[in-house]
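What shape does this take:
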Amino acid sequence: TYSRHLSRIMVMYLGLLPFGLVASGIPSLGTALASASISYMLIGIDEIGMEIENPFPLLPLQQLAGVIQTDVATQLLCHQDLPPSSPPLEGNC
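Sure thing, here's the model as predicted:
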């Protein structure tokens, strides 16, 4: 998938970044600090993207869908002219 590809490209970039910074004349301490801060930011953005990409496991959708289904079934049974096959699950009509 593209996320695996993006992670590999990012690892290659972050691995070669210190060499490019040293070649541009930045001192060793500056290279280490810049590489660490850029790595922290890029890995953080990648992790946020992963969480945003798939938010549904974090939400209680099964319970929410069950409550909605119960409410709809109750409303349908309350407004039918035919006798219900089963009593309403919650509340009165």
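
So in the chain, which helix runs the longest?
Assignment by DSSP state H gives helix 28-53 as the longest helix of the chain.

Now that one: buried residues?
The neighbour-count check on helix 28-53 (16 or more other CB atoms under 10 Å) flags Thr31, Ser35, Ser39 as buried. In short, each C-beta sits where N, CA and C put it, glycine included.

ok, now stretch 69-77?
Thr74, Leu77.

Just the mean pLDDT for the strand or helix carrying Gln75, thanks.
Of the helices and strands defined by DSSP states H and E, Gln75 is found in helix 61-78. Helix 61-78 carries an average pLDDT of 89.

Determine which residue lies closest to the centroid of the protein.
Glu51 (2.4 Å; CA atoms, centre = their mean).

For that one, report the pLDDT, please.
Predicted confidence (pLDDT) for Glu51: 83.

what sits against it?
Listed by CB atoms under 8 Å, 6 or more residues apart in numbering, the contact set of Glu51 is empty.

gap between it and Gly20?
Distance of Glu51 to Gly20, computed by CB to CB, to the nearest Å: 30 Å.

With Ser37 instead?
According to CB to CB, Ser37 and Gly20 sit 15 Å apart.

Count residues in the vicinity of the nearest residue to Ile38 once chain neighbours are set aside, would you?
Nearest residue to Ile38, sequence neighbours excluded (CB to CB, 6 or more residues apart in numbering): Leu17, at 6.4 Å. Leu17 is flanked by 16 other residues according to other CB atoms under 10 Å.

does Leu17 really touch Met41, like I thought?
No - with contact defined as CB atoms under 8 Å, Leu17 does not reach Met41; the gap is 11.9 Å.
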